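Enquirer: Only the shape, not the letters, is given here:
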């Protein structure tokens, strides 16, 4: 019982400090150390006897060292490689070229709400290659948002759809997907295709349909229809927003890593083995050669390649540090035993263990994501609990990991302090609360559909 109380207090403290805008990694690290100390007082060591420094205080630091050693060469390097590639694609105009290509078919659609639904689908497709919710939101606000308003969509509806375009953390480039695949002892491509794939398709369809009806209902209720002045002004902004885009064939470059990973995966061609980092390096070399051949300015192309390492360093200070510190917090939670107690209690309920366990994990993840405004922080803090939770009710970790992992990104889009919500609302002049009023109903539908489809397919 003490462990449960300490767990609830720790979660409450994390929520409080994140809401107050404290730096999340250091908060998670300090609370993790505090929990390890509480566990030590109860006779639970921070590390295994073989790895002990023979001094309990140093063992706390050793636990963190072990996490760093385990994450930097694997998951950490994967995430930094993806970030470096993404920043380089933005630097050479390949990301804008991809958006420009995807925007063209939308111009032919005249029904505002059909356009909204398809905009979400297109945005979620782009999210496979631009895996930052804030980055994608800003890119779409600069490019697709003016187009939507120019074609008769209300500003509020357009903002709501764009804010949700990265609500599902999908694909091998998603750090949450990498972590989930690691917990399931699966290759990330296999996790994406066999685990996320069928669930994501159902969820994407439900979000697109949800936006069609929800945004139309809100527009009618609030009278928030596009006016002629908005339409004329935004029509002029579309081409300006896509200035700096590379040639049309540059749109292929952001898709290279995913294409290589799927093409040389156990699902397609087994003879050649290709991991994520190697696929990124190959893609970077191809992109650099294409850029040099196109611009014929070797010095400038070399200078632009600096963006690769800038992106890697930036994501280390944000995402990788968050991952390791969140795992330190999760280690502390595991050591005090509160989460295990709650998991065992849920598992002991006859004939409802699976459903109760799923609800418990979903509630923890959704509340954490809404309170912190971060799908990554929530998932990395509590995802280490998934294997134990799944085994306690006798199901594969995949069946629990997919809906819980997807719920973290969905719940982030319901948070008024999420980066993408703040960014989109700031550009449109809306308040974050006004924006999430439009996103919450659709995201609730997304959670229900993702859970239901997970139970059916997994």
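Expert: Perfect, I can see it now. Computed from a predicted structure; not experimentally measured. Numbering: from 1, shown residues only.
Enquirer: Give me the residue at the spatial middle of this structure.
Expert: residue 169 (4.0 Å; CA atoms, centre = their mean).
Enquirer: Which per-residue confidence value corresponds to residue 177?
Expert: Residue-level confidence at residue 177 comes out at 90, pLDDT.
Enquirer: what separates it from residue 272, distance-wise?
Expert: Per CB to CB, to the nearest Å, residue 177 is found 22 Å from residue 272. For the C-beta atoms, the positions are set from N, CA and C on the backbone; glycine is no exception.
Enquirer: Show me which of these two is the more surrounded one.
Expert: residue 177 (27 against 10; other CB atoms under 10 Å).
Enquirer: ok, that one - contacts?
Expert: By CB atoms under 8 Å, 6 or more residues apart in numbering, the residues touching residue 177 are 169-171, 188, 191-192, 196, 405.
Enquirer: Over to residue 139?
Expert: Here residue 139 is in contact with 95-96, 99, 130 (criterion: CB under 8 Å, 6+ apart).
Enquirer: before we move on, the earlier item: if any of the contacts of residue 177 are buried, give me the ChimeraX selection for them.
Expert: To isolate the buried ones among the contacts of residue 177 in ChimeraX, judged by 16 or more other CB atoms under 10 Å, type:
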select :169,170,171,188,191,192,196,405
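Enquirer: Save the contacts of residue 177 as a markdown table, and put in pLDDT too.
Expert: Listed next are those as a markdown table, based on pLDDT from 0 to 100:
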| residue | pLDDT |
| --- | --- |
| 169 | 89 |
| 170 | 89 |
| 171 | 85 |
| 188 | 86 |
| 191 | 93 |
| 192 | 92 |
| 196 | 94 |
| 405 | 94 |
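Enquirer: And the nearest residue to residue 321 once chain neighbours are set aside, which helix or strand is it part of?
Expert: Nearest non-adjacent residue to residue 321, counting by CB to CB, 6 or more residues apart in numbering: residue 25, 4.6 Å away. In the assignment (DSSP states H and E), residue 25 maps to helix 24-41.
Enquirer: got the angle between whatever helix or strand comes next after that helix and helix 24-41?
Expert: Remark: after helix 24-41, the chain's next helix or strand is helix 56-71, criterion DSSP H and E. Angle, helix 56-71 to helix 24-41, by axes from the mean of the first three to the mean of the last three CA atoms, to 10 degrees: 130 degrees.
Enquirer: Now do the next helix or strand along the chain from helix 56-71: which elements does it pack against?
Expert: Where DSSP H and E defines the elements, the next helix or strand beyond helix 56-71 is helix 77-91. Packing contacts for helix 77-91, counted by 3 or more CB pairs under 8 Å, 6 or more residues apart in numbering; DSSP states H and E, involve helix 94-106, helix 175-183, helix 276-295, helix 306-315.
Enquirer: that older thread, highest neighbour count among the contacts of residue 139?
Expert: For the contacts of residue 139, neighbours tallied by other CB under 10 Å; top is residue 95, 28 neighbours.
Enquirer: you'd agree it is up against residue 127?
Expert: No: checked against CB atoms under 8 Å, the pair residue 95 and residue 127 is beyond contact range at 11.6 Å.
Enquirer: hmm, back to that, how about the helix holding residue 25: buried residues?
Expert: Taking 16+ other CB under 10 Å as the criterion, helix 24-41 shows 24-25, 27-36, 38-40 as buried.
Enquirer: Of these, just say which sits nearest to residue 12.
Expert: residue 31 (10.5 Å; CB to CB).
Enquirer: I figured that closest one hits residue 12, correct?
Expert: No: using CB under 8 Å, residue 31 makes no contact with residue 12, being 10.5 Å away.
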